[in-house]
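[1] Sequence and computational prediction follow.
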Amino acid sequence: MQIIGAGFGRTGTKSMKHALEQLGFGPCYHMFEVFQKPEGIPLWHKAAFGQDIDWDELLGGYQSGVDWPVSHFWQPLSERYPDAKVLLTVRPADQWYTSMTNTIFSHLSGNEPEDEIRTQWKEMVDKIVLEDTFDNRPDDRAHCEAVFDRHTALVKDTIPADRLIVYEVGSGWEPLCEGLGVPVPEGPFPKTNTTAEFRGDRKAEAEQAEG
């Protein structure tokens, strides 16, 4: 692992995944990888509930990782891979919470698993996101925004400045490339997984599951 993402979901992490892969730091692990490679879910489930796992077994072959569940484990991962940069994606807390409410929080509250592996996924995400991160208070805007801000401060206080890249959503290529020491590519910075796209993807998944 060369890059460990420490930013919460809904801080441009899907766009960042594409950006890192475009810059040559791929493949990049993201929550979408969990869906595409469900054989890793039992390991994430163990990690979520405090069991030791082999990070190389889970993340072997990946040069970078962003979004949950990777970002929840940024501290043990930064220790396991001491030469990796830590990438903290951020945005204004009020914008972030609105996006979370319209996407991840609403999806988790309405998602009922249909089989054992999806049950493990749901238990894992509920544990690391709803319980451990937000104290099961996703409807409390002030609380969640305070958690977001505390997390940002903790990462900044923990990771040495020469190892940390803080990326404000919407900043384009320059700050990311400067932090990674790579040339700025041609073309715009990727933009994907907007709120509308997230909802559309979840609707398609539900329709596929139904039949």
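    Received it, and whenever you're ready, just let me know what you need. The shown structure was predicted, so the numbers you read here are calculated from the model rather than taken from an experiment.
[2] Neighbours of L176, how many?
    When neighbours are defined as other CB atoms under 10 Å, L176 has 21 of them. Quick note: C-beta positions are derived from backbone N, CA and C, even for glycine.
[3] Likewise for the one 5 residues further on?
    Residues lying near G181 (other CB under 10 Å) number 7.
[4] next one: L87
    Counted by other CB under 10 Å, the residues lying close to L87 total 28.
[5] E57 is in contact with K46, isn't it?
    No: between E57 and K46 there is no contact, the gap being 11.1 Å when judged by CB atoms under 8 Å.
[6] Between these two, which has more neighbouring residues?
    Ranked by neighbour count (other CB under 10 Å), E57 and K46 place K46 first, with 15 against 9.
[7] Settle this for me: that one is touching I53, isn't it.
    Yes: if you go by CB under 8 Å, K46 and I53 touch, sitting 5.3 Å apart.
[8] quick one: least confident helix or strand in the chain?
    helix 195-210 (a mean of 44; mean pLDDT, DSSP states H and E).
[9] excluding its backbone neighbours, what's nearest the residue positioned nearest the centre of the chain?
    Nearest to the mean C-alpha position of the chain, by CA atoms, centre = their mean, lies D67 at 0.7 Å. Nearest non-adjacent residue to D67, counting by CB to CB, 6 or more residues apart in numbering: T13, 3.8 Å away.
[10] for that neighbour, what are its contacts?
    Listed by CB atoms under 8 Å, 6 or more residues apart in numbering, the contact partners of T13 are 5, 7, 30, 66-67, 71, 89, 193.
[11] try Q75
    T158.
[12] Taking the contacts of T13 together, which two end up most distant?
    S71 and N193 (15.0 Å; CB to CB).
[13] Comparing those two, which shows the higher neighbour count?
    Remark: of S71 and N193, S71 carries more neighbours, 28 against 22, as counted by other CB under 10 Å.
[14] Report the separation between that one and V155.
    S71 sits 9 Å away from V155, going by CB to CB, to the nearest Å.
[15] Now do the shared contacts for the two.
    Common contacts of S71 and V155 (CB under 8 Å, 6+ apart): A6.
[16] What is the longest helix seen in the chain packed up against?
    Longest helix in the chain, counting residues (DSSP state H): helix 141-158. If contacts are counted by 3 or more CB pairs under 8 Å, 6 or more residues apart in numbering; DSSP states H and E, helix 141-158 sits against strand 85-90, helix 93-102, strand 164-168.
[17] Please consider this matter closed, and thank you.
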